[in-house]
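**Q** A structural model of the following input is requested.
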Amino acid sequence: MIVGAESLRPLGTRHSFSLVGDSAGALLSTEHLNQIVEIGEATVTVEAGIRYGELSGALHDRDLAVANLASLPHISVGGAIATGTHGSGVGNQSLAAAVSAIDVVGADGSIRLLRRGDHDFDGAVVGLGALGLVTRVSLDVVAEFELRQYVFEELPWSAVETHLDAILAASYSISLFTTWTDLGVAQVWLKTKDQLDSQSSFFGATAARQPRNPVSGAPWENSTEQLGAPGPSAERLPHFRLAFTPSSGAELQSEYVVAREHGAAAVRELRRLGEVMTPLLLVSEIRAVAADTLWLSPFYEQDSIAFHFTWKPRAHKVLAVLPRIEGALAPFGVRPHWGKLFASSPQELEAVYPKLPAFRQLLRRYDSSGKFRNAFISRYVFGEGRAQSGM
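**A** So this is what the prediction gives:
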């Protein structure tokens, strides 16, 4: 199919909200490319379409784990690494940083194996599906470990703006949930190896007495277990259970990343837009992510703070507010997430993704015919054409 197609784009679990996965030609699903190839002591090799939740279950049976996970265990390995998806924790890198090798099927059907340390590796991992079809991925693994999850409520904004670094570094993984016009951050999700006292407070926030969902009013049963019950990391690091659909899909998402030293200042700027954002928001999440070396990773060579926005499905109004958010964060060198909605121009992206010109040259070498190129790649990597509808 690859050799015979004029235009082709690979699909993962279709959790992207930008047009990165769209195609005017053929779409090739990796849904059934979902087998575990080999589990070793330090790495696991999988087909790219496997979901992290299923991979984690298999690793658990061998007393192994991946070091971090995203909020959804439903996403595929190939799709997550291609767009720079991440979890949380000042010591935790993006999911793509755990990749030690990938197999890429090119436009002519040939297979390239790229290993960490190879010349093209750092450019190819977060590849936006544009170099070819990634069929196999090797990931670093660690010995299985347990975590406990606690939720704290009503974290004062004064604490966030004064102690953001300390708050986000206080545990293995921390997420702050807000709608930006509350008196404080509504919920803090703390994932830790330590047992906390049930009466604990957290920088002025109080411990929740019942399980919570990050979205106010949504059923807590969809969420992973809380209240300090110990469990495998794979069942605590995600916010949602694999067995449940976390939402109806009636939502839009954006995410913006700034260097960690600008985190508190970015919070102050976003709070000024609270009255504009809140009517459109389901929830917003603040997380820390450690630097990596992958060219198109939002965390390339900078420890970062990520601001995620889950919007109500009001596309025109959401698209109208994105330039205001990006303008407020522009002084901090804001980087948008490739798989989410953004309004940045190709020139603005090149200014904040310093390896974008090198990635452009990599694509010309790997896919000279443009078989894996779509309108999104043409515009945001090559600077051609107009902004796409929905972007």
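**Q** In the stretch 201-350 of the chain, what residue spans correspond to helices?
**A** 263-271, 274-277, 315-329, 346-352 (DSSP state H, counting those that start in this stretch).
**Q** closest one to residue 196 among these?
**A** helix 263-271 (24.2 Å; Cβ to Cβ). Backbone N, C-alpha and C define where each C-beta goes, glycine included.
**Q** now could you export just the CA positions of the closest one as PDB?
**A** Output in PDB follows, covering the C-alpha atoms of helix 263-271 (Å, rounded to 0.1, in the frame of the first residue of the first chain):
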ATOM      1  CA  GLY A 263       6.200  29.500  34.700                       C
ATOM      2  CA  ALA A 264       4.900  31.800  37.400                       C
ATOM      3  CA  ALA A 265       5.000  34.900  35.100                       C
ATOM      4  CA  ALA A 266       3.000  32.900  32.500                       C
ATOM      5  CA  VAL A 267       0.400  32.000  35.200                       C
ATOM      6  CA  ARG A 268       0.000  35.700  36.000                       C
ATOM      7  CA  GLU A 269      -0.500  36.500  32.300                       C
ATOM      8  CA  LEU A 270      -3.100  33.700  31.800                       C
ATOM      9  CA  ARG A 271      -5.000  34.800  34.900                       C
END
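**Q** And the contacts of it?
**A** Identification of contacts with helix 263-271 by Cβ atoms under 8 Å, 6 or more residues apart in numbering yields 157, 160-162, 164-165, 168, 180, 258, 277, 286, 288, 305, 307, 325, 328-329, 332, 334.
**Q** Just the ones in strands from these, please.
**A** 258, 286, 288, 305, 307 (DSSP state E).
**Q** Return the set of buried residues in stretch 114-132.
**A** Burial within stretch 114-132, assessed by neighbour count using 16 or more other Cβ atoms under 10 Å, is assigned to 114, 120-132.
**Q** Tell me who's in contact with the closest residue to residue 341 other than its chain neighbours.
**A** Of all residues not flanking residue 341 in the chain, residue 254 sits nearest, at 4.7 Å (Cβ to Cβ, 6 or more residues apart in numbering). The contact partners of residue 254, taken as Cβ under 8 Å, 6+ apart, are 17, 308, 309, 311, 318, 322, 325, 336, 337, 340, 341, 342.
**Q** hang on, the earlier thing: can you tell me which of the buried residues of stretch 114-132 end up in strands?
**A** Under the assignment DSSP E, the buried residues of stretch 114-132 contribute residue 114 to strands.
**Q** From the buried residues of stretch 114-132, pick the one nearest residue 84.
**A** Looking at the buried residues of stretch 114-132 and their distance to residue 84, the nearest is residue 126, at 4.7 Å (Cβ to Cβ).
**Q** before we move on, the earlier item: out of the contacts of helix 263-271, which are buried?
**A** Buried members of those, scored by 16+ other Cβ under 10 Å, are 157, 160, 164-165, 168, 180, 258, 277, 286, 288, 305, 307, 325, 328-329, 332, 334.
**Q** And the residue nearest to residue 341, how far from residue 59?
**A** Note on residue 254: its distance to residue 59, by Cβ to Cβ, to the nearest Å, is 31 Å.
**Q** go on, residue 140?
**A** 11 Å.
**Q** Pull up the overlap in contacts between the two.
**A** Going by Cβ under 8 Å, 6+ apart, residues that sit against residue 140 and also against residue 59 are residue 66.
**Q** Show me which of those two is the more surrounded one.
**A** residue 59 (22 against 14; other Cβ atoms under 10 Å).
**Q** Surely that one is in a helix?
**A** Yes. Using DSSP: H, G, I helix; E, B strand; the rest coil, the assignment for residue 59 is a helix.
**Q** That one against residue 65, yeah?
**A** Yes. Between residue 59 and residue 65 there is a contact under Cβ atoms under 8 Å: 5.5 Å.
**Q** So for the two, which residues contact both of them?
**A** Taking Cβ under 8 Å, 6+ apart as the contact rule, residue 59 and residue 65 both touch 141, 144, 234.
**Q** and the last one, what does it touch?
**A** I take that to be residue 234. Residues near residue 234 by Cβ under 8 Å, 6+ apart: 53, 56, 57, 59, 60, 65, 66, 69, 73.
**Q** now it: how far from residue 149?
**A** Separation of residue 234 from residue 149 (Cβ to Cβ) stands at 12 Å.
**Q** wait, which of the contacts of residue 254 is closest to residue 42?
**A** Among the contacts of residue 254, and counting by Cβ to Cβ, the member closest to residue 42 is residue 337, at 29.1 Å.
**Q** residues near the closest one, how many?
**A** By the criterion of other Cβ under 10 Å, residue 337 has 24 neighbours.
**Q** What of the one 10 residues further on?
**A** Other residues near residue 347 number 8, with proximity taken as other Cβ under 10 Å.
**Q** Spatially nearest residue to it, not counting backbone neighbours?
**A** residue 383 (7.4 Å).
**Q** ok, now how distant is the one you found from residue 323?
**A** Per Cβ to Cβ, residue 383 is found 19 Å from residue 323.
**Q** Equivalent analysis for residue 384, please.
**A** 22 Å.
**Q** Over to residue 355?
**A** Going from residue 355 to residue 323 by Cβ to Cβ gives 25 Å.
**Q** more crowded one of the two?
**A** Using other Cβ under 10 Å as the criterion, residue 355 and residue 323 rank with residue 355 on top: 19 against 13.
**Q** buried ones in stretch 205-215?
**A** Neighbour-count burial for stretch 205-215 [16+ other Cβ under 10 Å]: 205, 207, 208, 211, 212, 213, 214, 215.
**Q** just stretch 39-54 next, same as before
**A** Of the residues in stretch 39-54, those buried (16+ other Cβ under 10 Å) are 39, 43-54.
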